[in-house]
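Trainee: Pasting the sequence and the predicted model now:
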Amino acid sequence: MLFNTSEINFTCSKVMGILNVTPDSFSDGGRYSTVARAVDQARIMISQGADFIDVGGESTRPGAPEVSEGEELARVIPVIEAIKQKFDVVVSVDTSKAAVMTAATAAGAALINDVRALQQPHALTAAAEADVPVCLMHMQGSPDTMQIKPGYNDVVAEVRGFLQARINACLDAGIKKTNIIVDPGFGFGKTLAHNYRLLAELSSIQALGFPVLVGMSRKSMVGNVLNNKIDERLAGSLALATLAAQANADIIRVHDVAETVDIVRIVNQFLAVKNNSGVDSDRA
Ligand code: 7PM
C-alpha cells in the first residue's frame, strides 16, 4: 500500500499511534511474546481509529543506551511483518538507521519517521531508494545530552532553518517533494518555553509548505506545567492535541489514540463551521 503525502486528505488532522518495541515497553518474556503483545497493541490502536502505527525499536529517551543495528532489526521487523499480515494500516518505522529503513520498508512500512532527519550514514540514500514519505524531525544535540542546556537565539527561526536545510538535502538526494513531512521535535533539546513558542508559532513551520507532524504526548511540556508523572499526563496531552488540531497539524503522534481521535473529531466539527464549510442552512 504505497502512498505519498499528496494522496492523504490532511484537511483533518490524522492520528499516529505510538508502538514501542523496546524491552522496557514489554518487560517480560522473549521475542514471541513481544511480537504478540505488539500486535495486540496495534489491533487496539487501529480499532480506536489510528491512521498510522509508528513502530520504534530504539529508545530516544534522554540517557537511553544505544541500540545496535542487529538488535533494532530483530525488534522491529517481525512486528512490522506481523502487523502488515493482519491489518490494513499505514505502518511507520521510527528509526535513524539506513539498514532498518531498507528492511522495514521491504517488510511493508510505508513511512519513515527519523528523529535525526536522515543525517546518519546512508540514510538519505536509503530513504530515496525506499520511495516512501519521510518525517524529518528537529533535534538540538543528541538524546543523551539534549536536555542539559538547550539554547537558541530564536527557536522558531532555527528549527525552521534546520528543517529547510534537511528538505534541501532530501531533494538533492532524489527524495520526492511529495514524500516529505516535517516536525519541530517537541522536547528534543528544548526548554518548556521553547516548546510552547514552537507550538504557538506552528504556522511558521507550516509555511515551509510540507505536512507537519507533532509529538507532544505525555512529554515534559505537559509534566513541567502540571508537575505530574508520565501516567498522569492524559488530560494535559489532550489539551495540547486540541491546540495542535486547531492549528491544523497534519499528523498528531500519541500514546492515547481513542481519546485523541475523539478530540480531533470535535475540533474538526468546530473548524468546519469556523471555516464556513458548514451547511449554510445551519446559519438561520
Ligand atoms: C523518552 C523520551 C521516550 C522521548 C520517548 C520519547 C517524537 C518522535 C519521539 C516526536 C517524531 C516520545 C519520545 N518523539 N518522532 N519520537 N516526533 N516524529 O515521547 O516528537 O515518544 S520519542
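Mentor: Thanks, I have the structure now.

Trainee: Once you drop chain neighbours, what's closest to the residue in the stretch 151-284 of the chain positioned nearest to the ligand?
Mentor: Minimum separation of the stretch 151-284 of the chain from the ligand (CB to the nearest ligand atom) falls at Gly215, amounting to 2.5 Å. Backbone N, C-alpha and C define where each C-beta goes, glycine included. Excluding the flanking residues, the one nearest Gly215 by CB to CB, 6 or more residues apart in numbering is Arg253, at 3.8 Å.

Trainee: One more: Asp54?
Mentor: Asp54 sits nearest to Ser92 (CB to CB, 6+ apart), 4.3 Å away.

Trainee: List the contacts of that neighbour.
Mentor: Taking CB atoms under 8 Å, 6 or more residues apart in numbering, we find Ser92 in contact with Met16, Phe52, Ile53, Asp54, Val55, Ala109, Ala110, Leu111, Ile112, Asn113, Cys135.

Trainee: give me phi/psi at the first one?
Mentor: Comment: the main-chain dihedrals of Met16 come out as phi -110, psi 120, following degrees, to the nearest 10.

Trainee: Next secondary structure after the host helix or strand of the residue nearest to Asp54?
Mentor: Per DSSP states H and E: Ser92 is located in strand 90-94. Next helix or strand after strand 90-94 toward the C-terminus (DSSP H and E): helix 98-106.

Trainee: Tell me which residues of that following helix come out buried.
Mentor: Ala98, Ala99, Val100, Met101, Thr102, Ala103, Ala104, Thr105 (16 or more other CB atoms under 10 Å).

Trainee: which ones are touching the spatially closest residue to Ile180 that is not a sequence neighbour?
Mentor: Once flanking residues are discounted, Ile180 sits nearest to Phe210: 5.0 Å by CB to CB, 6+ apart. Contacts for Phe210 (CB under 8 Å, 6+ apart) come out as Thr5, Ile167, Ile180, Ile181, Val182.

Trainee: Also Phe188?
Mentor: Counting by CB under 8 Å, 6+ apart, Phe188 touches Thr60, Val115, Met137, His138, Met139, Gln140, Pro143, Met146.

Trainee: Export those as TSV, with columns for secondary structure.
Mentor: Converted to TSV, these look like this (DSSP: H, G, I helix; E, B strand; the rest coil):
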residue	secondary structure
Thr60	coil
Val115	coil
Met137	strand
His138	coil
Met139	coil
Gln140	coil
Pro143	coil
Met146	coil
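
Trainee: Of the residues you listed, which fall within the contact range of the ligand?
Mentor: Thr60, Val115, Met137 (CB under 6 Å from any ligand atom).

Trainee: Which residue comes closest to the second one once chain neighbours are left out?
Mentor: Leaving out its chain neighbours, the residue that sits closest to Val115 by CB to CB, 6+ apart is Met137, at 4.7 Å.

Trainee: got the residues of the stretch 51-200 of the chain near the ligand?
Mentor: Neighbours of the ligand within the stretch 51-200 of the chain, by CB under 6 Å from any ligand atom: Ser59, Thr60, Arg61, Asp94, Asn113, Val115, Cys135, Met137, Asp183, Gly185, Phe186.

Trainee: for the residues you listed, which one is nearest Ile230?
Mentor: Closest to Ile230 out of those is Arg61 (10.8 Å), distances taken as CB to CB.

Trainee: List the contacts of the residue most central in space within the chain.
Mentor: Residue closest to the mean C-alpha point of the chain, counted by CA atoms, centre = their mean, is Arg253 at 4.7 Å. Arg253 makes contacts with Met16, Ile18, Asp54, Leu213, Val214, Gly215, Ser217, as judged by CB under 8 Å, 6+ apart.

Trainee: quick one, phi/psi of it?
Mentor: Dihedral pair for Arg253: phi -90, psi 120, per degrees, to the nearest 10.

Trainee: what does Asp54 give?
Mentor: Torsion angles at Asp54 (phi, psi; degrees, to the nearest 10) stand at phi -100, psi 110.

Trainee: For it, which residues are in contact?
Mentor: Asp54 touches Met16, Gly17, Ile18, Leu19, Ser92, Val93, Asp94, Asn113, Arg253, counting by CB under 8 Å, 6+ apart.
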